Structure formats: structure tokens, C-alpha cells
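Visitor: sequence first, predicted model second:
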Amino acid sequence: MLDLGFAPNIRTLFKQLPPQRQALLFSATMPPEAHKLAHDILQKPTTLQLEPNTPFTAPIQHTLYYVEKNNKFALLEWLLTQTPPQRTLIFCRTRRGADRLTERMQQAHLPAAVLHGEKSQALRHQRLEQFRTAQTPILIATDLAARGIHIDDIHCVINFDLPNEAETFIHRTGRTARAGATGHAIHFCDPTEKKYLLHIQHTLATELPLSTQQPYHSEQIRHFTGATAPATTKKKAPPSSNRWKLTSNQTQQLHRQKRTTNSRKNPKKK
């Protein structure tokens, strides 16, 4: 609710309540904004943390794939065609990216629908119901739109775009393996996302299990630190290249052109 901009509404609502009240606040994570809200609206609250703040305690099978950005869709299509698609939630970083991926999925005859903030409330409700009832087994969503998804039997979560924060990673993977069920979380990582992966693994003190058993594996990403572009992607001109060197005749011609231009700009007074 905080991410969707409802914090002012919550504060306004609590101002209308009597001073003596009972209030409970639940959150999968406690970012600074949630801590501040709890301090403002709750009176000397007692904090209960039921589980450690990590998705790796849940019965979720994690799989990491290193893949170049232009091969991501091919890898996704390959994964979804290995077995009949069950209820799968795919995360994209932007609305435009979610729309573009949905179009490609539909062109590939994969049953997918998109969910993000630019869709009307009625359409979002319809898409969620179709996903809940498995009429559309694949839902492509952004982070904010997916915050309201509470479906117990999501089989798989796929990070098509790796999140840049560990908190978002927890929220995404927490959509599967709910209510005691097991689940699968798949993470795509291209060279530009390696820094996000390293941050997530460092924050959660866990290394995601890497699988190379896929046709689009990129081995160079394994050794990429994420700080700069891989050295293998830079193409330098050969040292002996004369592409930009001038011959002596060309140099003399260039000097003559400069003298002619200067004489035109500064004509001698007679």
C-alpha cells in the first residue's frame, strides 16, 4: 500500500479513529517507510517476526540462469515449452517491458496476460481472476501491480528482469510456495544485471544455485564483476591500423586548404 501511494490515506484514516484503539500492521518486509508509518500510527507496538527476512527458508527451489539480454525471450520460451505451463508469474522491471514481453508471448502462442498500473481496475480484476482460475496460466506483471496478488497455488515465479533490491527479490519470490506449498523461482541474469545479483546475494548472505543446463548459457557472465562491461565485448582497432593516418600528400593538401581559408577570412588591405 505504501508503494502504491496510500500512506497519506492511511494517516488520514487513523486521525479519525479514537485514541484508545487496537491496531495491527503486517508486512512481508519492514523498509524505513514502514517503520516510520508504524511509529506514527501505532502506540508502543510490540514487534513479532515470525520468520527470518529471507526467501530461502521457504520450500522454494531457486534456479539462476546466465543469459545475454537478447536471448532472454528465447530462454523463456524454451523453459515454458519443456513442460505444459502451470500457473506462472513473470516479473518485468517496466510497464513497457511487460507489454512487449506479453506481445511476444502471444505471438508464440503462449497463454499470457499482462498486469500493470496503466490497465484499468476492471481489467486488472479480470486478469487476476483469469489467472486465479488458470484460464490464463501465465501472468506478466510489474512489481507494484503484483503487490496485491494473493494466490496460494502459484507454481513458479520467473524474474525475467532481475530486481535491483533484495527487498523486491523477497516480495517477488514470496508469491510462490505459499500456505505450506512448494514452489520454483527462476532468475534470469544478463551482464547489466550482474551487479544486482551480487547485491542480492550479499544482502541475503546466500548464493543462488546456477544452472548451465540450458541452450543460451553465457559463461562470461559468471566471471563478470558487474562494475564495468566485460572485456570481451570491447572491440579495439588493430595497433597497426592506418585508418586515421594521413599520407604526406594528404597532409600538404590539408595545410594548403587551411591557408586558403585563412586568406579568405583575413584579406590584405591595399
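Guide: Cool, got the structure.

Visitor: what residue ranges in the stretch 151-270 of the chain score low on pLDDT?
Guide: Low-confidence segments of the stretch 151-270 of the chain, defined by pLDDT under 70, are located at 226-270.

Visitor: show me where it has its strands.
Guide: Counting by DSSP state E, counting those that start in this stretch, the stretch 151-270 of the chain forms strands over residues 156-159, 183-189, given from the N-terminal end onward.

Visitor: kindly reformat those strands as CSV containing mean neighbour count and distance to residue 176.
Guide: Yep, even glycine has a C-beta here, placed from its N, CA and C like the rest. Listed next are the strands of the stretch 151-270 of the chain as CSV, based on neighbours: other Cβ atoms under 10 Å; distance: least, Cβ to Cβ, whole Å:
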stretch, mean neighbour count, distance to residue 176
strand 156-159, 24, 5
strand 183-189, 23, 3
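
Visitor: out of those strands, the one nearest residue 171 is which?
Guide: For the strands of the stretch 151-270 of the chain, the distance to residue 171 is smallest for strand 156-159, at 10.2 Å, taking Cβ to Cβ.

Visitor: put the alpha carbons of the closest one into CSV.
Guide: Backbone C-alpha positions of strand 156-159 (Å, rounded to 0.1, in the frame of the first residue of the first chain) are rendered in CSV as follows:
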residue,chain,number,x,y,z
CYS,A,156,6.6,-20.7,-10.5
VAL,A,157,7.9,-17.2,-10.3
ILE,A,158,10.3,-16.0,-13.0
ASN,A,159,12.4,-12.9,-12.7
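
Visitor: quick check: closest non-adjacent residue to residue 71.
Guide: Nearest non-adjacent residue to residue 71, counting by Cβ to Cβ, 6 or more residues apart in numbering: residue 216, 4.2 Å away.

Visitor: any idea how far the one you found lies from residue 128?
Guide: For residue 216, the distance to residue 128 under the criterion Cβ to Cβ, to the nearest Å works out to 31 Å.

Visitor: could you do residue 110 as well?
Guide: In this view, residue 110 and residue 128 are 19 Å apart by Cβ to Cβ.

Visitor: rewinding a little: pick out whichever of residue 216 and residue 128 has more residues nearby.
Guide: Set side by side, residue 216 and residue 128 give different neighbour counts by other Cβ atoms under 10 Å, the larger being at residue 128 (20 against 17).

Visitor: am I right that the more buried one is in a helix?
Guide: Yes. Following the definition DSSP: H, G, I helix; E, B strand; the rest coil, residue 128 is counted among the residues of a helix.

Visitor: surely it and residue 149 touch.
Guide: Yes. Contact between residue 128 and residue 149 holds when scored by Cβ atoms under 8 Å: they sit 6.8 Å apart.

Visitor: what sits in contact with each of the two?
Guide: residue 139 (Cβ atoms under 8 Å, 6 or more residues apart in numbering).
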